[in-house]
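K.L.:
Task: produce atomic coordinates for the following.
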Amino acid sequence: MKTLIASAAFLVISAGFAAASPGHSGGHDEMAVGKPGDAAKATRTINVTMFENDEGEMLFQPNSFAVKEGQTVRFSILNKGELDHEFVLDEKEKNAEHRELMMKFPEMEHDDPNAIRLEAGKRGEIVWTFSNTGTFEFACLIPGHYESGMHGAVEVSAK
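P.N.:
Predicted structure coming up:
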């Protein structure tokens, strides 16, 4: 039964990510927020720390950042907290849809180029090319984490 639920959740998420692709003009991996980047072409590294504080907030440091359209960024992500955390980069509306699905299937695992889940004390990275201007979001979509403050804005400005 768990396998059936996990498979159904995967199909729903996959359909959502496929719908996020703007007209297939940029290829199947492209989303409104951009596409997976080539690490050799990264022009900037942003160090991101995920953690919980004594007040019960779950946070990202920094909690916002600005990049340029077309820029390839390496996100070096460290979970300094005591709990698992995620870094999911997408449109705010897509993150909200994904968060709702995570509430229904909290043990869901992902293998998406715009997201990484890290256990306490672990480090990982995402390399991303921002294809479009606008305001996007990075967030932890594990149930309760977003509501505890774990989200931030990405402002992508014209070249």
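K.L.:
can you map out the strands along the chain?
P.N.:
Per DSSP state E, the chain carries strands over the ranges 35-36, 44-52, 58-61, 64-68, 72-79, 85-90, 115-118, 123-129, 134-139, 151-157.
K.L.:
just checking, what packs against the last one?
P.N.:
Identification of packing neighbours for strand 151-157 by 3 or more Cβ pairs under 8 Å, 6 or more residues apart in numbering; DSSP states H and E yields strand 64-68, strand 134-139. All C-beta atoms are positioned from the backbone trio N, CA, C, and that covers glycine.
K.L.:
Residues in contact with the first one: which ones?
P.N.:
So the one you mean is strand 64-68. For strand 64-68, contacts defined as Cβ atoms under 8 Å, 6 or more residues apart in numbering pick out 44, 46, 73, 130, 152-159.
K.L.:
Can you flag the buried ones in these?
P.N.:
46, 73, 130, 152, 154, 156 (16 or more other Cβ atoms under 10 Å).
K.L.:
what sits opposite the fourth one in the beta ladder?
P.N.:
It refers to Gly152. Taking DSSP bridges, one finds Phe138 as the beta-bridge partners of Gly152.
K.L.:
any idea how far it lies from Phe136?
P.N.:
10 Å (Cβ to Cβ, to the nearest Å).
K.L.:
circling back: how about the strands of the chain in JSON lines, adding distance to Glu109 and mean pLDDT?
P.N.:
As requested, the strands of the chain are exported to JSON lines (distance: least, Cβ to Cβ, whole Å; pLDDT from 0 to 100):
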{"stretch": "strand 35-36", "distance to Glu109": "19", "mean pLDDT": "98"}
{"stretch": "strand 44-52", "distance to Glu109": "17", "mean pLDDT": "98"}
{"stretch": "strand 58-61", "distance to Glu109": "19", "mean pLDDT": "98"}
{"stretch": "strand 64-68", "distance to Glu109": "27", "mean pLDDT": "98"}
{"stretch": "strand 72-79", "distance to Glu109": "16", "mean pLDDT": "98"}
{"stretch": "strand 85-90", "distance to Glu109": "10", "mean pLDDT": "97"}
{"stretch": "strand 115-118", "distance to Glu109": "7", "mean pLDDT": "96"}
{"stretch": "strand 123-129", "distance to Glu109": "14", "mean pLDDT": "98"}
{"stretch": "strand 134-139", "distance to Glu109": "17", "mean pLDDT": "98"}
{"stretch": "strand 151-157", "distance to Glu109": "20", "mean pLDDT": "98"}
